[in-house]
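K.L.:
Model the structure of this input:
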Amino acid sequence: MRVDEEIRKKLLENFEKWKKELNREIDYYLDLIKDAERVEHLMHLKKRFLLSLLKYLPIHREYCYFCIMKALRKLDTCMNCPYAKYHQECPQKYSDYAIIMRHLNMLYELINKLYYYTGEEEYEAVKHTFEQKVCEK
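P.N.:
Prediction:
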């Protein structure tokens, strides 16, 4: 399958927009971290920064060649998507994309709950719960 130039152009436009937004976000957190006077504050900012980076991961439809192909009406339905042929349609509960998104959400939750956490008793309970979730997956 050859690359369609219109789709490539749109994909690159989307990535350029993403890059600008991501760089703004990085600069924002680096400025805050530069001004942090206490380790606790710095680590809290780093945690927020990590969570922000996960949200900016370019994995959604505006960064997918095939979704752009469909948006430009060069593909009629997700059923005909070349990605879906091997990975199932993205919205399906057990598609590879859905599995990736569930794990990405789980990583977000893990960082949010476990990264630089200070409450000992509650921490152990939270950690145990997430370890069980990971083992179930």
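K.L.:
out of everything not next to it in sequence, what's closest to Met79?
P.N.:
Nearest residue to Met79 in three dimensions, chain neighbours excluded: Glu89, at 6.6 Å (C-beta to C-beta, 6 or more residues apart in numbering). (Each C-beta comes from the backbone N, C-alpha and C, glycine too.)
K.L.:
quick one: that neighbour and Asp96 touch, right?
P.N.:
No: here Glu89 does not reach Asp96: they are 10.3 Å apart, not a contact under C-beta atoms under 8 Å.
K.L.:
Distance-wise, check Asn23 relative to Ser52.
P.N.:
According to C-beta to C-beta, to the nearest Å, Asn23 and Ser52 sit 12 Å apart.
K.L.:
Compare the two (neighbour count), which wins?
P.N.:
Ser52 (14 against 10; other C-beta atoms under 10 Å).
K.L.:
my read: the more buried one touches Glu25, true?
P.N.:
Yes: with contact defined as C-beta under 8 Å, Ser52 reaches Glu25; the gap is 5.5 Å.
K.L.:
where do the contact lists of Glu89 and Asp96 overlap?
P.N.:
Common neighbours of Glu89 and Asp96 are not found (criterion: C-beta atoms under 8 Å, 6 or more residues apart in numbering).
K.L.:
ok, Ala36 - contacts?
P.N.:
When contacts are counted by C-beta under 8 Å, 6+ apart, Ala36 is found next to Leu42, Leu45.
K.L.:
can you tell me how far it sits from Ala84?
P.N.:
Taken as C-beta to C-beta, the span from Ala36 to Ala84 is 46 Å.
K.L.:
Can you get me the centre-to-centre distance for stretch 99-118 and its chain?
P.N.:
11 Å (C-alpha atoms, centre = their mean, to the nearest Å).
K.L.:
avg pLDDT for that stretch?
P.N.:
Average pLDDT, stretch 99-118: 89.
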